[in-house]
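Enquirer: after the sequence you'll find the predicted model.
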Amino acid sequence: MSVFRCVLFYTAVCHFGESKLCEHDIKLDGILGESLTIFKLSTRSDYEKLLLKSIANKTKTKLLSYKLKGHESHHHGLHSKYIYHENNKSVMINNLQRGDEKNYELTVEQTNGEEEFCNIKVKVYEGISNLTVSVTEDSRNDTCKVIMKCLMQTGENVTISWMKDDENLSHDSSTLEISITSDNANSTYTCTARNSVNEQSSNHTLSSACNPSKDNSLWYLMPYTPVLLVIFLPIVVVLVVVIKRKCNKGQHKKQCTNPSNGEQSRPPAPAPVLEETPDPTHTVYATVKKSENSNRPFSSVYELAGPSDDNSHIQSRNSEDTRI
């Protein structure tokens with residue numbers, strides 16, 4: 001863009017001694033919303049005043065007047081729209097809009113009263129912005145086709161061109177369809193959009209086109225497998241060594257034998273103590289007070305043991321008889 005403007009400025013160099021500031025009328029293209037330098041004035045001591053006018057339907061309207069000797073400017077209309085920069089002797093239109101697309105007349109008055117002028121025609125275009133290449137893939141019937149579209153957010157009067165690597169393609173449409181073969185499987189295709197005010201380019205490489213492994217969510221990591229191995233393999237080795245050392249310690253034995261169990265390791269529970277089963281034979285001991293008046297011996301062990309609960313009333317009767 002800077003080279004383009006330099007060429008325009010070069011064509012606007014004045015040939016002094018003539019009635020015109022410039023040899024030919026100047027045609028300039030500006031970007032919508034940006035600034036445009038329409039003329040650069042040469043340094044001459046006899047220049048006294050600069051005047052910028054617009055021309056529409058043979059009617060001239062004053063836009064800017066500037067006293068070159070006293071460095072005093074007078075704006076007619078918008079104060080910051082039309083500016084003369086003393087430092088680089090340039091006349092500029094700020095924030096170009098559609099309404100700025102018109103013819104202008106720049107006049108310079110000399111100290112002797114003579115005037116020199118130059119006609120300038122300005123066209124305003126929307127610049128190209130945010131150029132991208134969208135890609136659609138079709139892998140049916142064991143073939144791979146890629147459809148690339150050159151898209152832009154803004155831009156008018158745009159021409160499109162395509163390149164395969166460093167080779168220009170005879171294709172000027174915004175859509176390019178490619179069948180993947182061994183000749184172009186790793187090629188880079190570049191789309192360039194141009195108009196009279198700017199240009200932009202965007203590209204796409206076909207190396208990953210119709211890759212069957214794209215169904216795997218980690219397919220994009222495959223080129224980095226060696227790097228990942230170098231990073232994570234030492235970590236895995238260190239973890240294995242640490243776990244093995246813990247397994248050699250007694251207090252971590254349970255955790256090592258069952259690593260999936262997240263409970264805290266603790267000593268094994270003691271084996272239950274088996275109680276001795278008593279002999280089903282019951283031995284009954286009893287103290288029996290023998291009556292002083294009875295001299296007969298015990299007739300049986302049951303008598304020695306004393307009366308049972310069921311025969312208590314019989315034993316009570318016998319006691320009464322004995323007392324009698």
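Expert: Okay, I see it.

Enquirer: residue 207 looks like it's in a strand, true?
Expert: No - counting by DSSP: H, G, I helix; E, B strand; the rest coil, residue 207 is not part of a strand but helix.

Enquirer: number of nearby residues for it?
Expert: Residues lying near residue 207 (other C-beta atoms under 10 Å) number 11. In this view, the C-beta of every residue, glycine as well, is placed from N, C-alpha and C.

Enquirer: how close does it get to residue 187?
Expert: Distance, residue 207 to residue 187, using C-beta to C-beta, to the nearest Å: 9 Å.

Enquirer: tell me where the model's unsure across the stretch 151-300 of the chain.
Expert: Residues of the stretch 151-300 of the chain meeting the criterion pLDDT under 70: 209, 211-224, 249-300.

Enquirer: please enumerate the helices of it.
Expert: 225-247, 253-257 (DSSP state H, counting those that start in this stretch).

Enquirer: using a markdown table, lay out these together with distance to residue 93 and mean neighbour count.
Expert: What follows is these, written out as a markdown table (distance: least, C-beta to C-beta, whole Å; neighbours: other C-beta atoms under 10 Å):
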| stretch | distance to residue 93 | mean neighbour count |
| --- | --- | --- |
| helix 225-247 | 54 | 10 |
| helix 253-257 | 79 | 14 |
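
Enquirer: can I get the ones you listed in a markdown table with distance to residue 86?
Expert: Converted to a markdown table, the helices of the stretch 151-300 of the chain look like this (distance: least, C-beta to C-beta, whole Å):
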| stretch | distance to residue 86 |
| --- | --- |
| helix 225-247 | 59 |
| helix 253-257 | 83 |
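
Enquirer: show me the chain divided up by domain.
Expert: Domain ranges of the chain: 2-125, 132-209, per automatic domain parsing.

Enquirer: least reliable of these by average pLDDT, please.
Expert: Per-stretch mean pLDDT for these is lowest at domain 2-125 (a mean of 81).

Enquirer: closest one to residue 57 among the helices of the stretch 151-300 of the chain?
Expert: helix 225-247 (70.1 Å; C-beta to C-beta).

Enquirer: how many neighbours does residue 98 have?
Expert: Number of residues near residue 98 (other C-beta under 10 Å) recorded here: 8.

Enquirer: what's the answer for residue 123, then?
Expert: A total of 15 residues lie near residue 123 under the criterion other C-beta under 10 Å.
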